[in-house]
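Engineer: sequence and predicted model, in that order:
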Amino acid sequence: NAGVTQTPKFQVLKTGQSMTLQCAQDMNHEYMSWYRQDPGMGLRLIHYSVGAGITDQGEVPNGYNVSRSTTEDFPLRLLSAAPSQTSVYFCASRPGAASGYNEQFFGPGTRLTVL
Amino acid sequence: AQSVTQLGSHVSVSEGALVLLRCNYSSSVPPYLFWYVQYPNQGLQLLLKYTTGATLVKGINGFEAEFKKSETSFHLTKPSAHMSDAAEYFCAVSDTGYGNNRLAFGKGNQVVVIP
């Protein structure tokens, strides 16, 4: 299993540009999430999904969009990039609640810089 | 909503000395508690977790943590620090309710090991 994969590893954008951060998992996990990590702030939840076709907002959703058309993929879209979105982005997945297993598995991260 | 407090963003410890990282949580329901470690330029790796049962939890790399409900704490310890323990450590809490995928992180402790 590859686990949770993220592409790209690094990205530089100009203010106003849009882009999609890709996230995929091959563990058949129901739940997937996007977090951003900023110095001194820990990880903050952006959006999450409890299954294909179901998404919800987290703590800091503004400026981001998500969709979940398949179990495997959970892309994060930046609609119009701003310097405040410079951050490291982590995707995570975990099995559904019925499994009784609550550990989240994290991808390697995408380091995004917005100029 | 659940939350986590980690005091002291930077923690210095001498090689061979006790490592103690404090974590206090707030949750309206019985929590699941986690410690993650992040090495430079890498994703998050699970150190240990508490879900139910024994309150003293042992994890990887010689770390352990004790869940104390009366103190709403989940402090992380290791008896003897090693140079390889230099990393950032995050405490996280998740509600136990079904369908929940909201993992709240503390702001992290950057551990420096002094030779």
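Structural biologist: Cool, the structure landed.

Engineer: wait, what's in contact with the residue most central in space within chain B?
Structural biologist: In chain B, the residue lying closest to the centroid (Cα atoms, centre = their mean) is residue B:35, at 3.2 Å. Residue B:35 makes contacts with B:21, B:23, B:46-49, B:59, B:63, B:65, B:74, B:76, B:89-92, as judged by Cβ atoms under 8 Å, 6 or more residues apart in numbering or on different chains. (Glycine included, C-beta is placed from N, CA and C.)

Engineer: now the residue positioned nearest the centre of chain A: which helix or strand?
Structural biologist: Closest to where the C-alpha atoms of chain A average out (Cα atoms, centre = their mean) is residue A:34, at 2.7 Å. Using DSSP states H and E, residue A:34 sits in strand A:31-38.

Engineer: hmm, back to that, ok, and the closest non-adjacent residue to the residue nearest to the centre of chain A?
Structural biologist: Spatial nearest neighbour of residue A:34, excluding adjacent residues (Cβ to Cβ, 6 or more residues apart in numbering or on different chains): residue A:46 at 4.3 Å.

Engineer: if I look at the one you found, how far off is residue A:36?
Structural biologist: 6 Å (Cβ to Cβ, to the nearest Å).

Engineer: need the residues touching each of those two.
Structural biologist: A:60, A:89.

Engineer: what's the angle from the strand ranked longest in chain A to strand A:31-38?
Structural biologist: Determined from DSSP state E, the single longest strand within chain A is strand A:42-51. Strand A:42-51 and strand A:31-38 are oriented at 160 degrees to each other (axes from the mean of the first three to the mean of the last three Cα atoms, to 10 degrees).

Engineer: if we look at strand A:42-51, which residues are touching it?
Structural biologist: A:30-38, A:55-61, A:64, A:66, A:68, A:71, A:74, A:76, A:89-90, A:96, B:4, B:6, B:44, B:90, B:92, B:99, B:101-108.
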